[in-house]
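**Q** Sequence below, structure please.
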Amino acid sequence: MSDPVSFDSATPRLALPLLFVGQAQKEDFVNEALAMVDGLMHCAVENQLIAPPATPTDGQAWLIGTSATGAWSGQDGNLALRQLDQWLFVVPRDGMQCLNKATGQQITRIAGIWRSPSAPAAPSGGSVVDTEARATLAALITSLKLAGVFPA
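**A** Numbers count the residues shown, from 1 in each chain. Model prediction:
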């Protein structure tokens, strides 16, 4: 007969709390896990700040910048989820994606850094000018900015 499976106290990717047999107050752990899932599924952050907003609303999320202060002190680079009138902090993992509502852009966590695409420079220079190609490229860049792919 094989040994029973042994679990850590949290999931490996998002650190969601796990339940144990005979654990008291299981609802605390389940509620914390559900609050994290609620904040991370289809994640949308208001913006990046280094201090908590004065009047946060439940359901809002923020990227915490460097040298965070106040209730966010020591949470640099984490996500701050406002859930049930309290802050819930999540360490972001590579591959996570969020919508930054302030810029309208989808951002992705790659190699420990939140990245967003930047718009290429408009075509210029050269001895032969193809105005139709340049106009098409400029229109494409404008469309990608309006779609939130590149910053406006």
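**Q** Let me see the ranges of the helices in this structure.
**A** 26-40, 131-146 (DSSP state H).
**Q** right, and the ones you listed - which one's nearest Phe89?
**A** helix 26-40 (9.8 Å; Cβ to Cβ). Where C-beta positions appear, they are placed from N, C-alpha and C, glycine not excepted.
**Q** who's in contact with that closest one?
**A** Identification of contacts with helix 26-40 by Cβ atoms under 8 Å, 6 or more residues apart in numbering yields 14-19, 23, 59, 61, 79, 81, 83-84, 88, 90, 96.
**Q** How many residues are close by the closest residue to Leu16 other than its chain neighbours?
**A** Leaving aside its sequence neighbours, Leu16 sits nearest to Ala33 (Cβ to Cβ, 6 or more residues apart in numbering; 4.4 Å). Number of residues near Ala33 (other Cβ atoms under 10 Å) recorded here: 18.
**Q** same check, this time on Thr131
**A** Neighbours of Thr131 (other Cβ under 10 Å): 7.
**Q** measure it to Leu137 for me?
**A** 11 Å (Cβ to Cβ, to the nearest Å).
**Q** Could you measure from the most centrally placed residue in the chain over to Ile64?
**A** When Cα atoms, centre = their mean is applied to the chain, the residue found nearest the centroid is Cys98 (3.9 Å). Using Cβ to Cβ, one obtains 13 Å as the distance from Cys98 to Ile64.
**Q** out of the helices of the chain, which comes closest to Ala119?
**A** helix 131-146 (5.6 Å).
**Q** sorry, back to before: mutual contacts of Cys98 and Ile64, please.
**A** Leu79.
**Q** And the contacts of stretch 61-77?
**A** By Cβ under 8 Å, 6+ apart, stretch 61-77 touches 39, 43-53, 56, 78-82, 87, 89, 91-92, 98, 100, 112, 114.
**Q** Got a quick ChimeraX command for the buried subset of those?
**A** The ChimeraX selection below is limited to those of the contacts of stretch 61-77 classed as buried (16 or more other Cβ atoms under 10 Å):
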select :39,43,45,46,48,49,50,52,56,78,79,80,81,82,87,92,98,100,114
